[in-house]
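Enquirer: Next input, structure requested:
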Amino acid sequence: MAKRSTGLRVLGTTVAAVGIVAGAIAVVTAVATAFAAVVFARKVVTPQAKRDDDVRIVGVDLAAGRITLAASDESRMHGRYGLWFEGDSGHARLADVDEERGGVVIRGIDAVDYGRLDRARRGRIDGWYFLGPWELDLPYRDVVVQTPLGPAPAWSVPAAAPTDRWVVQVHGRGAKRHEALRAVPPVHEAGWNSLLISYRNDGEAPESADRRYGLGGTEWEDVVAAVRFATARGAREIVLMGWSMGGMIALQAVLRSEEVREHLVGVVLDSPAVDWVDILRFQGTALGLPAGLGDLVAGVLGAPVGVGLTGAAAPIDLVALDLVARSGELATPMLLMHSPDDGFVPIDGSRRLAASRPDLVQFEEFTGARHTKLWNHDPERWTRLITAWLATRSGGAPADAAGEGDAEIVG
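Expert: Residues are numbered from 1 along each chain as shown. Predicted coordinates for the structure are as follows:
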């Protein structure tokens, strides 16, 4: 009997110990998850000063105009791309894939703009094929848009003939106005002026006090300023074009500003962010983080306590930024383009937005184009879609004063 009592006491002690350990593990797991959510949330709203060189350069043959890269989803993409290398100290332009074998991808080299590509060991592939409007062989102006935070640089590319039709280009998160240069030729061909803007915290426009992204919830004010710039120069019909987060910013301007809606005749979206909670879930899964972390990150961003944790000036209500949920408030025709293998912004949000407003949205899916690289992957189709769609938006007569600015024409 004594032995049985002793055994029961040992068993009870063991169970209690297991319970304590399990509880401790649960606490540690919860703390680790909460910490990961805070780190993730802070990263989402903090502009990245430097991008990672995530492509390994195996070899370069400048005489033959060929470069060998370690095989990856990025390096094997078909089409033409920019290649930043060795910490952005150099830039080259890559032609299409020649062949893939033995774990490497061999591509052509269109040009080396600057830097020693022959000595480079790492780089990153970018959709920015053009470094500036001077490469497009079109006249352009360096202009300044007066935003609520101060003067922001922009490029203005006038149409071949005076017109009151303007396309305002809004680049994506972590990018600059250079991202939109690919759209200038089809916009010009369609007979529209182009305005490629910068906005707060993008490295060119003035910074906000907190130096954090508002994920569309603050940047939209700079789009309103750009529209005001265009209308002051004769714009009567305006199309907003948004890339990635720029799509969210553009549509927030549409939803929040009567001044924008007054002259708006359409919106073009390339790989747009339309549902941040969905995006955070997708990215968390892609990084191998615990399930449900995306929702926790959304909670951190939207909570008052999150302000101190992320450095943002105010909570960000991601539910209010959900463009699918607010699609009933939209009344402007849209051309929406996205690729299922985006890798950064899941296509699901675009599909749901298109399904919710088939009366407004012309939805075009690309395949194999990844994030904001639709032009790079299939420039003929992408250009044709934009040119044809803009033709359906051109309803007004040209205005003689349109397209005139204060800065000197360069080019």
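
Enquirer: For the one helix or strand Phe282 maps to, buried residues please.
Expert: Secondary structure from DSSP states H and E places Phe282 in helix 276-286. For helix 276-286, a neighbour-count test (16 or more other CB atoms under 10 Å) marks Trp276, Val277, Asp278, Ile279, Leu280, Arg281, Phe282, Gln283, Gly284 as buried. Yep, even glycine has a C-beta here, placed from its N, CA and C like the rest.

Enquirer: Tell me who's in contact with Asn278.
Expert: Let me fix one detail, which is that residue 278 is Asp and not Asn. Asp278 sits next to Pro346, Asp348, Gly349 when contact means CB atoms under 8 Å, 6 or more residues apart in numbering.

Enquirer: Against Val184, how distant is the closest residue to His371 other than its chain neighbours?
Expert: Excluding the flanking residues, the one nearest His371 by CB to CB, 6 or more residues apart in numbering is Phe344, at 4.2 Å. Remark: distance between Phe344 and Val184 (CB to CB, to the nearest Å) = 24 Å.

Enquirer: Which one's more surrounded, the two?
Expert: Neighbour count, other CB atoms under 10 Å: between Phe344 and Val184, Val184 has more, with 21 against 16.

Enquirer: Wasn't the more buried one part of a helix?
Expert: Yes - counting by DSSP: H, G, I helix; E, B strand; the rest coil, Val184 is located in a helix.

Enquirer: ok so, going back, assign a three-state SS to the residue nearest to His371, would you?
Expert: Under three-state DSSP, Phe344 falls in the coil class.

Enquirer: just Val274 next, same as before
Expert: Going by three-state DSSP: Val274 is coil.

Enquirer: Can you pull the phi/psi pair for it?
Expert: phi -120, psi -10 (degrees, to the nearest 10).

Enquirer: Tell me who's in contact with it.
Expert: Contacts of Val274 (CB under 8 Å, 6+ apart): Gly247, Met248, Leu251, Asp322, Leu323, Val324, Gly349, Ser350, Arg352, Leu353.

Enquirer: one more time with 10 Å
Expert: The neighbours of Val274, taking CB atoms under 10 Å, 6 or more residues apart in numbering as the test, are 216, 247-248, 251, 321-327, 336, 338, 345-346, 348-354.

Enquirer: Buried ones among those?
Expert: Buried among the contacts of Val274 (16+ other CB under 10 Å): 216, 247-248, 251, 321-324, 326-327, 336, 338, 345-346, 348-354.

Enquirer: In strands only, show me these.
Expert: Residues of the buried ones among the contacts of Val274 located in strands (DSSP state E): Leu336, His338.

Enquirer: Include distance to Val39 and pLDDT when you put the contacts of Asp278 into a markdown table, please.
Expert: Output for those, formatted as a markdown table (distance: CB to CB, whole Å; pLDDT from 0 to 100):
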| residue | distance to Val39 | pLDDT |
| --- | --- | --- |
| Pro346 | 21 | 96 |
| Asp348 | 25 | 96 |
| Gly349 | 24 | 97 |
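
Enquirer: For Asp164, state which of the residues you listed is nearest.
Expert: Of all the contacts of Asp278, Asp164 sits closest to Gly349, with 33.0 Å by CB to CB.
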